[in-house]
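Participant: No letters, just coordinates:
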């Protein structure tokens, strides 16, 4: 078994001999075998034990066992205690989810503090089979049927190449003790139901059911590689970022606003899978993505929100953007000078005297304007426009809703929502920033002073 694990670590490029790794040690057979195998293979390891205080004396027993094992093996041990029930009640999650969140949050904190390269956990072949069946029952895509990955970012699973029986035989061969979690013997949660009831029944049909399921998972992993290559090629034509980027990858799709060309999406053999591939990592639900598919030829303006992103349908594109703080920040400018609105926008205001012979000219830059200063009352205010606000665009006589003005310029829903306006003390809009000034405040031959404003 040790040789099998050694080959698996090498083939999957899981560990480096010169790095430090944390080993999650519960005291059960899997984690004990993992600890001993990594030590015998010469890796630099330290153990981590979490006491969730859920099983009374059993929890105390498990912790003491881990202390004695690490002392015997001369392996440093880090221990932590959690009030798991209180955490579950506070965050409205199951006990199982609470334990998982607490455990991994601590693991990652400790990893960073110690400068470790990763956290090794004792998942084996049967764990991967159980995960596949759980995902199948709940409903999943290709990735959910591929089983547990040998490495998922900082979490490493060197025992995925061996079975539970091989692990127990290995420990028995070297007379190594371990503890048994009695909660694993009760079919009260989904994983236990599958482990204790479903898999034994499947084994009656096919004694090699675990190998059969894992073989299928391996085939699907190959299919997944083909699908991802296909999708990555089509994304080169379908995705357009709002700023120039060198490549399309998961990080840029997560953090950058972009447009998704719906003509390319519709032409793909499976538009729904393409949208799922792009939007599922952005926390959109399967039902939301299904609804988006039905809107590929639908009415523009539809909006969808996830916890981290938002999508709007604008003509023949989906515009995808990270969600930002929606607070309507207002900047007050009591006099001339330079004012900072945010990291991307500052305004500089200056007065200029005009002589009767001065020629009236308008800047061609959308970021520079000149207004008749005599008709403007300070303080000025800079904020997002509000629904129902009107102004007289330069060159027009009557007033127009700012929202209609933006619609005529074909501004999408996100651009309209974020549009800034500059107002004077009377509440009159002086400037729809970057687009048009109010005709009422334009310079004329009768103007004797101008208010010069620059966006910087």
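Facilitator: Received, thanks. Just so we're clear, the structure is a prediction, and the values are computed from it rather than from any experiment.

Participant: give me the beta-bridge partners of residue 312?
Facilitator: residue 303, residue 319 (DSSP bridges).

Participant: Now do the contacts for it.
Facilitator: Applying C-beta atoms under 8 Å, 6 or more residues apart in numbering to residue 312 gives the contacts 301-304, 318-319, 412-414. Every C-beta, even on glycine, is put in place using the N, C-alpha and C of the backbone.

Participant: Any regions of the stretch 251-400 of the chain where pLDDT drops low?
Facilitator: By pLDDT under 70, the low-scoring segments of the stretch 251-400 of the chain are 325-328.

Participant: Am I right that residue 391 is in contact with residue 429?
Facilitator: Yes - with contact defined as C-beta atoms under 8 Å, residue 391 and residue 429 form a contacting pair (4.0 Å).

Participant: ok, residue 162 - how many residues close by?
Facilitator: Per other C-beta atoms under 10 Å, the neighbour tally for residue 162 reads 22.

Participant: er, residue 354 I mean
Facilitator: 18.

Participant: didn't it look like it was pressed against residue 446?
Facilitator: No - using C-beta under 8 Å, residue 354 makes no contact with residue 446, being 9.7 Å away.

Participant: before we move on, back to that, which residues are common contacts for residue 391 and residue 429?
Facilitator: By C-beta under 8 Å, 6+ apart, residue 391 and residue 429 have these common neighbours: 402, 421, 438.

Participant: need the contact list for the closest residue to the last one other than its chain neighbours.
Facilitator: Using C-beta to C-beta, 6 or more residues apart in numbering and skipping residues adjacent in sequence, the residue nearest residue 438 is residue 391, 4.7 Å away. The contact partners of residue 391, by C-beta under 8 Å, 6+ apart, come to 399-400, 402, 405, 421, 428-429, 432, 438.

Participant: ditto for residue 389
Facilitator: 401-402, 421, 429.

Participant: The same query, at a cut-off of 6 Å, please.
Facilitator: Going by C-beta atoms under 6 Å, 6 or more residues apart in numbering, residue 389 touches residue 402.

Participant: how near is it to residue 127?
Facilitator: From residue 389 across to residue 127, the span is 59 Å (C-beta to C-beta, to the nearest Å).

Participant: try residue 265
Facilitator: 37 Å.

Participant: likewise residue 57?
Facilitator: 27 Å.

Participant: Who has more neighbours out of these two?
Facilitator: residue 127 (20 against 7).

Participant: How far does stretch 109-121 sit from its chain's centre?
Facilitator: 22 Å (C-alpha atoms, centre = their mean, to the nearest Å).

Participant: got it, and stretch 103-116?
Facilitator: Put simply, stretch 103-116 sits 20 Å off its chain's centre (C-alpha atoms, centre = their mean).

Participant: Rounded mean pLDDT for it, please.
Facilitator: Average pLDDT, stretch 103-116: 96.

Participant: for the closest residue to residue 401 other than its chain neighbours, phi and psi?
Facilitator: Leaving aside its chain neighbours, residue 401 sits nearest to residue 390 (5.5 Å; criterion: C-beta to C-beta, 6+ apart). Taking degrees, to the nearest 10, you get phi -130, psi 160 for the backbone angles of residue 390.

Participant: which residues touch residue 352?
Facilitator: So residue 352 contacts 450, 452 (C-beta under 6 Å, 6+ apart).

Participant: what about it, which SS state?
Facilitator: Of the three states, residue 352 takes strand according to DSSP: H, G, I helix; E, B strand; the rest coil.

Participant: about what we covered before: including distance to residue 336, could the contacts of residue 312 go into JSON lines?
Facilitator: Below are the contacts of residue 312 laid out as JSON lines (distance: C-beta to C-beta, whole Å):
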{"residue": "301", "distance to residue 336": "40"}
{"residue": "302", "distance to residue 336": "44"}
{"residue": "303", "distance to residue 336": "39"}
{"residue": "304", "distance to residue 336": "44"}
{"residue": "318", "distance to residue 336": "43"}
{"residue": "319", "distance to residue 336": "37"}
{"residue": "412", "distance to residue 336": "34"}
{"residue": "413", "distance to residue 336": "35"}
{"residue": "414", "distance to residue 336": "32"}
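
Participant: For those residues, pick the one with the most neighbours.
Facilitator: Neighbour max across these (other C-beta under 10 Å) = residue 318, 23 neighbours.

Participant: Touching, that residue and residue 260? I think so.
Facilitator: Yes - in this structure, residue 318 is within contact of residue 260 by C-beta atoms under 6 Å, at 4.2 Å.

Participant: neighbouring contacts of stretch 337-351?
Facilitator: By C-beta under 6 Å, 6+ apart, stretch 337-351 touches 331, 333, 336, 373, 382, 449, 452-454, 456.

Participant: at 7 Å what do you get?
Facilitator: 331, 333, 336, 373, 382, 449, 451-456 (C-beta atoms under 7 Å, 6 or more residues apart in numbering).

Participant: for residue 158, what are its contacts?
Facilitator: The contact partners of residue 158, taken as C-beta under 7 Å, 6+ apart, are 5, 8-9, 14-15, 34, 38, 120.

Participant: and what of residue 209?
Facilitator: So residue 209 contacts 199, 202-203 (C-beta under 7 Å, 6+ apart).

Participant: Helices - which of these land there?
Facilitator: 199, 202-203 (DSSP state H).

Participant: that older thread, and which of the contacts of residue 312 is nearest residue 140?
Facilitator: Comparing the contacts of residue 312 against residue 140 with C-beta to C-beta places residue 304 closest, at 21.4 Å.

Participant: how many other residues sit next to the nearest residue to the closest one once chain neighbours are set aside?
Facilitator: Spatial nearest neighbour of residue 304, excluding adjacent residues (C-beta to C-beta, 6+ apart): residue 311 at 4.7 Å. Residue 311: 25 surrounding residues under other C-beta under 10 Å.

Participant: Distance check, residue 311 against residue 236.
Facilitator: Plainly put, residue 311 is 20 Å away from residue 236 if you go by C-beta to C-beta.
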